[in-house]
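Q: can you look at this prediction? I've put the sequence above it.
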Amino acid sequence: GHDNGGEWDGVTGTIADNANNSAPIIYNATFIGSGTTALVGNDKGNNAIFLDDRFKGKVYNSVFDDYKEDLIESTGDGQGSGIMFAHNTVGRFGGGAYTGSNASNLTFLNSNVAGSADSTFFDASGSPINGNSNGGVNPQFRAYSRDAGLELVEIDPRPASGSPLLSSSLQAGAPVAAAYRGAFGSENWAAGWTKLSFAGILKGEAPTSGAAPFADADGDGISDTLEGTSALTALGFSAGVNNVSPTNLFNSIYTTSSILDLVAPNQVMVQKSGGNVTLSLELFRSTNLQVFTPAPVLDATFPATEPAEFYRIEVPNAQ
């Protein structure tokens, strides 16, 4: 799909200095567009940033790359007081082309922004300010490719050796300091659990290090501390074995020899023996509808057809 990397509004109808205007502070984000030659399929376009209604947030130590249109598009009232973009890397854009001159940086900005205070990336002459890069910088991800239809087919968003993301200036003050621009350093924290990872598009190994209680030596997404508890050890989990893939230990909790319903009030347990399933239903009887005593258990035995099966009993119109 085609959309803007960030669509950031302040508060509709307020003045520029209103304290209620949106003012987030963002560190170390990676923004990736739909490709510099992509077709724009909706009215919103494919810009890295869209500003509206006096947005006054701050974005630091981030990277914006591979968008069809502009670095910033803004409405007439897009900028709020205090807006700031600093120490960011401006990547490749279809709407801009850096030719070696400061003035060419202004081609990365929408006409409502070029030369205006909405851009704290460049001054009115196009010179980079606030530690931002020139436009058109290749961030040099470890892997990045699209097919003929511009669909993303491979990405490892970690900076490759020599990437400008590893050597550019940084804004201090992040909740957790990082020695790089963008969302990724040496660890691909998105591997092994995200949609892109499961689809095979995200490349790069999952992180296998870290400090307790979050260390994950086998890379299965379950911390060593948790896998070392008696509860998970009893189920067969181990800090030295990937219990998600390829062992699929979660699936083996329900085995072919025993199928157990989670026991709770008004539930029954179903036990599989050999190829048959026996469902036992406790009955109670009364002669006056006031006092009930146990009656013979009602058993139903039938062949099992699947390794894991669940049953329930329904009594329509029961009172």
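A: Right, received. Where do you want to start? Residues are numbered from 1 along each chain as shown.

Q: how about residues contacting the strand ranked longest in the chain?
A: Longest strand of the chain, by residue count under DSSP state E: strand 152-159. Identification of contacts with strand 152-159 by C-beta atoms under 8 Å, 6 or more residues apart in numbering yields 30, 32, 139-147, 165-166, 180, 182-188, 190, 196, 201-204. The C-beta positions use only the backbone N, C-alpha and C, and glycine is treated the same way.

Q: next one: stretch 6-25
A: Taking C-beta under 8 Å, 6+ apart as the rule, stretch 6-25 contacts 31, 44, 48-60, 77, 79-82.

Q: 10 Å instead, please
A: Residues outside stretch 6-25 that contact it (C-beta atoms under 10 Å, 6 or more residues apart in numbering): 26, 29, 31, 44, 47-60, 62, 64, 72-75, 77-84, 171, 173-175.

Q: correct me if wrong: residue 189 contacts residue 219.
A: No - Residue 189 is beyond contact range of residue 219, at 11.6 Å (criterion: C-beta atoms under 10 Å).

Q: ok so, going back, sort out which of the contacts of stretch 6-25 are buried, if you could.
A: 29, 31, 47-60, 62, 64, 72-75, 77-80, 83, 171 (16 or more other C-beta atoms under 10 Å).

Q: and residue 52, what does it touch?
A: 7-10, 12, 22, 73-79.

Q: switch the cut-off to 8 Å
A: By C-beta under 8 Å, 6+ apart, the neighbours of residue 52 are 7-10, 74-75, 77-78.

Q: quick one: low-confidence ranges for the stretch 51-200 of the chain?
A: Low-confidence segments of the stretch 51-200 of the chain (pLDDT under 70): 78, 111-118.

Q: so how far is the longest strand of the chain from its chain's centroid?
A: 14 Å (C-alpha atoms, centre = their mean, to the nearest Å).

Q: and the gap between the residue lying farthest from the centre of the chain and residue 295?
A: The C-alpha centroid of the chain is most remote from residue 287, which lies 61.8 Å away (C-alpha atoms, centre = their mean). The gap separating residue 287 from residue 295 is 12 Å, by C-beta to C-beta, to the nearest Å.

Q: what of residue 231?
A: Distance, residue 231 to residue 295, using C-beta to C-beta: 38 Å.

Q: between those two, which one's more packed in?
A: Set residue 231 next to residue 295 and count neighbours by other C-beta atoms under 10 Å: residue 295 wins out with 11 against 8.

Q: identify each buried residue in stretch 221-231, please.
A: 222-224, 227.

Q: in contact with residue 89, which residues?
A: Shown in contact with residue 89 (C-beta under 8 Å, 6+ apart): 62-65, 132-133, 137, 139, 164-165, 168, 181-182.

Q: change it to 6 Å
A: The contact partners of residue 89, by C-beta atoms under 6 Å, 6 or more residues apart in numbering, come to 63, 133, 137, 139, 181.

Q: same check, this time on residue 102
A: Neighbours of residue 102 in contact, by C-beta under 6 Å, 6+ apart: 125-127.

Q: show me the contacts for the nearest residue to it once chain neighbours are set aside.
A: Once flanking residues are discounted, residue 102 sits nearest to residue 126: 3.9 Å by C-beta to C-beta, 6 or more residues apart in numbering. With contact taken as C-beta under 6 Å, 6+ apart, residue 126 is in contact with 102-103, 105-106.

Q: picking that back up, in PyMOL, select just the buried ones from the contacts of strand 152-159.
A: Restricted to buried positions by 16+ other C-beta under 10 Å, the PyMOL selection for the contacts of strand 152-159 reads:
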select buried, resi 30+32+139+141+142+144+146+165+166+180+182+183+184+185+188+190+201+202+203+204
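
Q: can you tell me which of the contacts of strand 152-159 end up in helices?
A: residue 196 (DSSP state H).
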